[in-house]
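A.B. asks: My questions are about this predicted structure, shown below with the sequence.
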Amino acid sequence: MENKIKIAYVFSFIYGYINSLGFIIMNGLFFTFMSGNSVRLGVHIGELKLETGFRYFSLFFFLIFGAFIGDLIFSYYRKTGLLILLVLELFLFIASVLFSLKQNAWIVFIPLGIAMGIQNIVNLLVGNSLIGRSFISGIVFNLGIAFSRILQKKSEWGIIRIYLNTWLLFILGAVLGTIILENTNLCISLILITAVYTYVAVIIFRIWKSDKRFLVKMKKNKGKCVV
């Protein structure tokens with residue numbers, strides 16, 4: 001369980017970092033906050049800014065496609081699915097780095113959008129149903145519930161620490177992403193986060209190779225992940 005939590009922490013950092021790049025480069029676009037992007041999409045359509053609205057809509061498509069392809073791959077390739085997903089996400093990170101050398105900002109974020117969808121699937125397979133994913137609103141909501149449960153003596157302080165660390169690491173990722181981008185450029189910023197992802201991918205692979213129970217079981221009849 002401790003390994004899974006540490007992986008979730010790194011994933012939270014990556015999400016914060018990537019979101020900061022999207023927010024700065026794409027003028028306020030939340031890279032994985034679909035609630036905020038949905039509001040912005042509606043506003044831009046209402047203001048008849050269809051070109052900008054189309055870009056927001058495209059981001060939804062890429063994130064959905066990443067989750068779709070991630071679940072599909074693992075469903076058909078149970079024994080090697082995790083390795084395929086880790087390599088595919090690394091390939092998408094590298095593609096974004098290469099695109100940043102010659103292409104405009106929007107093209108750069110296409111492979112990143114797909115990669116973030118896949119990353120959510122990987123984190124779910126590892127067994128982190130909420131922490132380490134891009135659902136920060138859910139983290140804050142669960143934090144409030146956790147305080148209530150502790151007051152009722154139905155929970156322990158350890159869960160508070162996990163939720164707080166997840167939230168703070170997300171913020172730290174956004175802070176560092178902003179600092180690095182403003183002092184270097186998009187390409188270097190992407191290279192650094194690709195290195196971070198590569199590090200955690202290697203750790204996930206090593207743990208999985210040594211412990212086949214590392215992943216959650218999949219219920220074929222319901223299509224759900226169960227810890």
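C.D. replies: Great, that's in hand.
A.B. asks: alpha carbons only for contacts and neighbour counts from here, please
C.D. replies: Noted.
A.B. asks: and stretch 166-177, how far out from the chain's middle?
C.D. replies: 13 Å (CA atoms, centre = their mean, to the nearest Å).
A.B. asks: try stretch 19-26
C.D. replies: 14 Å.
A.B. asks: can you pull the buried residues of that stretch?
C.D. replies: Judged by neighbour count (16 or more other CA atoms under 10 Å), stretch 19-26 contains these buried residues: Asn19, Ser20, Leu21, Gly22.
A.B. asks: would you list the residues you listed in JSON lines and tack on distance to Gly158 and pLDDT?
C.D. replies: As requested, the buried residues of stretch 19-26 are arranged in JSON lines below (distance: CA to CA, whole Å; pLDDT from 0 to 100):
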{"residue": "Asn19", "distance to Gly158": "27", "pLDDT": "88"}
{"residue": "Ser20", "distance to Gly158": "29", "pLDDT": "92"}
{"residue": "Leu21", "distance to Gly158": "32", "pLDDT": "90"}
{"residue": "Gly22", "distance to Gly158": "33", "pLDDT": "85"}
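A.B. asks: Out of those residues, which comes closest to Glu89?
C.D. replies: For those, the closest approach to Glu89 (CA to CA) belongs to Asn19, at 16.7 Å.
A.B. asks: give the contact list for the closest residue to the closest one other than its chain neighbours.
C.D. replies: In this structure, Asn19 finds its nearest non-sequential neighbour in Phe31, 4.9 Å apart by CA to CA, 6 or more residues apart in numbering. Phe31 sits next to Ile18, Asn19, Gly22, Phe23, Leu59, Gly113 when contact means CA atoms under 8 Å, 6 or more residues apart in numbering.
A.B. asks: Please name every helix or strand in contact with the one helix or strand Phe93 maps to.
C.D. replies: In this assignment (DSSP states H and E), Phe93 forms part of helix 81-102. Contacts of helix 81-102 with other secondary structure elements, assessed using 3 or more CA pairs under 8 Å, 6 or more residues apart in numbering; DSSP states H and E, are made with helix 50-76, helix 105-126, helix 186-210.
A.B. asks: Turn the ones you listed into CSV, columns for mean pLDDT and mean neighbour count.
C.D. replies: Supplementary listing: the helices and strands packed on helix 81-102 in CSV, determined by pLDDT from 0 to 100; neighbours: other CA atoms under 10 Å:
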stretch, mean pLDDT, mean neighbour count
helix 50-76, 83, 17
helix 105-126, 87, 23
helix 186-210, 94, 16
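A.B. asks: how about TSV for the ones you listed, with distance to Leu85 added?
C.D. replies: Putting those into TSV (distance: least, CA to CA, whole Å) gives the following:
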stretch	distance to Leu85
helix 50-76	7
helix 105-126	7
helix 186-210	10
